[in-house]
Structure formats: C-alpha cells, structure tokens
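# Provided below for reference: sequence and predicted model.
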Amino acid sequence: MFLVKQKSLYQLALEKFETGEKSVLRELEAPYIIDRVRNGLSLEEFDSARELLAVSEERLGGLLGMSRATLHRRKKAGHLDRAESDRLVRYARLFSKATAALGGVEGARSWLGSPAVAFHDECPLDYADTEIGAREVEALLGRIEHGVFS
C-alpha cells in the first residue's frame with residue numbers, strides 16, 4: 001500500500017473553494033454539479049483539469065472528443081458543451097480516485113498516463129474515453145486501493 005504523502009485532490013479542491021477559487025473537483029459528489037455540467041463547464045475548469053492531469057490542451061481536448069477546431073471554438077465561447085463537460089467530470093473523478101489509491105498526485109499522473117496490461121496496453125486515460133472504460137478504470141483503482149490482487 002502506498003503512503004499518502006501529498007494532499008488528496010479532494011482536499012486541494014476544498015482549499016481552492018475556501019480561498020475563493022472555483023473548482024468542479026470540489027463538487028464531484030454534490031447534486032448541483034449536474035446543473036453546471038448541463039450548462040457547460042467554463043474553460044477555467046478545463047484548464048484546471050489539464051494542469052492536474054499534466055496534459056496539453058490538445059490531449060485533454062482529444063480525450064473529451066474535441067478536434068482542434070472545436071477546442072478553438074470553445075476557447076472563444078468560454079465554456080464546454082454538455083457532453084464535453086460530462087467527460088471532464090469523468091476524468092476529474094478518475095484523477096481523484098487515482099490520487100487516493102496511488103498515494104498522491106504524481107503517482108496518479110504517472111499511472112493514468114502509462115500503458116497497462118489490464119487495459120490492453122492502453123493507458124487508463126485513453127481507456128476511460130467511454131463510460132464503460134471509465135468504470136473499468138475505477139474498478140481497478142478500487143482493487144488497488146483495497147489491496148486486491150488483479
């Protein structure tokens with residue numbers, strides 16, 4: 001089992017909230033996130049997730065199903081659409097679970113971005129591009145967190 005040496009993503013998100021910074025990550029468990037997703041999350045949320053995952057704009061846009069042209073349009077509009085927002089919350093949820101299971105932000109980033117046999121040599125970020133794939137990634141993280149051999 002990994003020792004938790006860094007604050008969990010949820011704790012970091014709570015600190016952001018307490019200091020006035022907005023973050024979708026704080027609201028992952030809250031019912032009111034639904035309205036925010038339905039109305040489209042802001043580009044600030046996109047940038048926050050990109051920084052946490054340590055990926056480029058193009059990479060995160062691709063994970064959310066956006067082409068470069070669509071990403072450019074979203075930047076002009078200042079917000080994501082409903083489906084993109086839903087996918088962004090999916091990745092934020094996975095990152096939060098990976099941070100808890102793997103003992104910190106760096107471990108989560110590394111694991112999510114590395115090919116895994118369990119996902120047919122795809123990295124968990126890519127495998128989670130569908131809801132079913134995301135559930136499989138969450139299930140494996142749960143087994144890791146509870147020390148179950150997989």
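Thanks, I have the structure now. Note that this is a predicted model, so its numbers are computed, not measured. Numbering: from 1, shown residues only.
# Every contact and neighbour count from this point should use C-alpha atoms.
Fine.
# Please compute how far the longest helix along the chain lies from its chain's middle.
Secondary structure of the chain per DSSP state H: the longest helix is helix 82-102. From the chain centre to the centre of helix 82-102 is a distance of 3 Å (Cα atoms, centre = their mean, to the nearest Å).
# Give the buried residues for it.
Burial within helix 82-102, assessed by neighbour count using 16 or more other Cα atoms under 10 Å, is assigned to 82, 84-102.
# Toward the C-terminus, what is the element adjacent to that helix?
As assigned by DSSP states H and E, the chain's next helix or strand after helix 82-102 is helix 105-112.
# What is that next one packed up against?
helix 82-102, helix 124-127 (3 or more Cα pairs under 8 Å, 6 or more residues apart in numbering; DSSP states H and E).
# least trustworthy helix or strand in the chain by mean pLDDT?
helix 9-18 (a mean of 48; mean pLDDT, DSSP states H and E).
# After that one, heading C-terminal, what element do we hit next?
Assigned by DSSP H and E, the successor of helix 9-18 is helix 33-39.
# Need the contact partners of the helix or strand following that next one.
Sequence-wise, the next helix or strand downstream of helix 33-39 (DSSP H and E) is helix 43-53. Helix 43-53 is contacted from outside by 23-24, 56-57, 60, 74-75, 78-80, 88, 92, 95, 105, 109, using Cα atoms under 8 Å, 6 or more residues apart in numbering.
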